[in-house]
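# give me a 3D structure for the following:
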Amino acid sequence: MNTINFSRVIHLSHVIDTDIPQWPGDPPVEFTPVAELQDDGYHLRRFSLGEHSATHINAPNSFYQAGVGIDQYSAQSLIVPAVVIDISTAATVNPDYILTIADVMAWEVQHGEIASGSVVLLYTGWQNKWSDKNAFFNQDADGIMHFPGFGREVTEFLLQERRIAGVGIDTHGVDSGREQSFTTNRLVLAQQGIVLENLTNLDQLPPKGTTLAIGILRLRRGSGSPVGVLALVP
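Numbers count the residues shown, from 1 in each chain. A predicted model of the protein is given here:
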């Protein structure tokens, strides 16, 4: 029997509101009253947002024609161990910083080899920019975004050599802002892995030992889903 021991539970998802940072072209977040207490005896709203809005998970069919939708992810695949690699200092100096294999190896010298089946969470410090859309996307005069992320080399290493279950980050993309081809997304989703974006509170997690419980909306053929991610911290 698998057991999970934890002492704390931490939200890794941002609160969803109408003014959250939105990827260019994504639909707005909307809340519409449907019933009011004083008139109907109960309170109810309709809400609308994109499948890749707020803290969310991406599905293979967002990049692959034959890829599965988020409704096809098994329950077991959504309870996963996680490690956290902190690049916040480097990202402060260079907003285009890309995680390197050397960073992973340095982390492993301190904490041991990343266990197979883990989700690698990248703490960049970008979670602190969530309330400032301009700072969060950090676009230059040409509209190019500048925020840190994973790159092809380290993603291939993690998938092939460490056999990770997926990746997550506190920016709007596991690929860096300057990456136009969504390489890390494509590599991970080709294996029906986990891709989590717009996480928060990663600074509250230890480098290893946390278990994630990822609560998806089982949208049929969904290209992704807003998620409630809980961190069970030992």
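
# list the pairing partners of the longest strand along the chain within its sheet, with orientation.
The longest strand of the chain (DSSP state E) is strand 79-86. Partners of strand 79-86 in the sheet, by DSSP bridges, are strand 119-123 (parallel), strand 210-215 (antiparallel).

# and E153, what is it in contact with?
Applying C-beta atoms under 8 Å, 6 or more residues apart in numbering, we find E153 in contact with 100-101. Every residue, glycine included, has its C-beta placed from N, CA and C.

# can you list the buried residues in the helix or strand containing it?
Element membership for E153, per DSSP states H and E: helix 152-161. The neighbour-count check on helix 152-161 (16 or more other C-beta atoms under 10 Å) flags 154-155, 157-159 as buried.

# and for S74, the neighbour number?
8 (other C-beta atoms under 10 Å).

# no, scratch that, I was asking about G143
8.

# looks to me like it is in a helix.
No. Using DSSP: H, G, I helix; E, B strand; the rest coil, the assignment for G143 is coil, not a helix.

# would you mind measuring from it to T211?
39 Å (C-beta to C-beta, to the nearest Å).

# re the thing from before, for the strands paired with strand 79-86, give me TSV that also has distance to F150 and mean pLDDT.
TSV is the format used below for these (distance: least, C-beta to C-beta, whole Å; pLDDT from 0 to 100):
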stretch	distance to F150	mean pLDDT
strand 119-123	7	98
strand 210-215	17	98
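
# and among those strands, the most buried is which?
strand 119-123 (a mean of 25; mean count of other C-beta atoms under 10 Å).

# with only the CA atoms kept, save that strand in CSV.
The C-alpha trace of strand 119-123 is given here as CSV (Å, rounded to 0.1, in the frame of the first residue of the first chain):
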residue,chain,number,x,y,z
VAL,A,119,7.6,16.3,-11.3
VAL,A,120,10.4,18.9,-11.4
LEU,A,121,9.1,22.3,-10.2
LEU,A,122,11.2,25.4,-11.1
TYR,A,123,11.0,28.2,-8.7
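
# in what helix or strand does the residue lying farthest from the centre of the chain lie?
Largest separation from the mean C-alpha position in the chain: D39, at 39.7 Å (C-alpha atoms, centre = their mean). Per DSSP H and E: D39 is located in helix 37-40.
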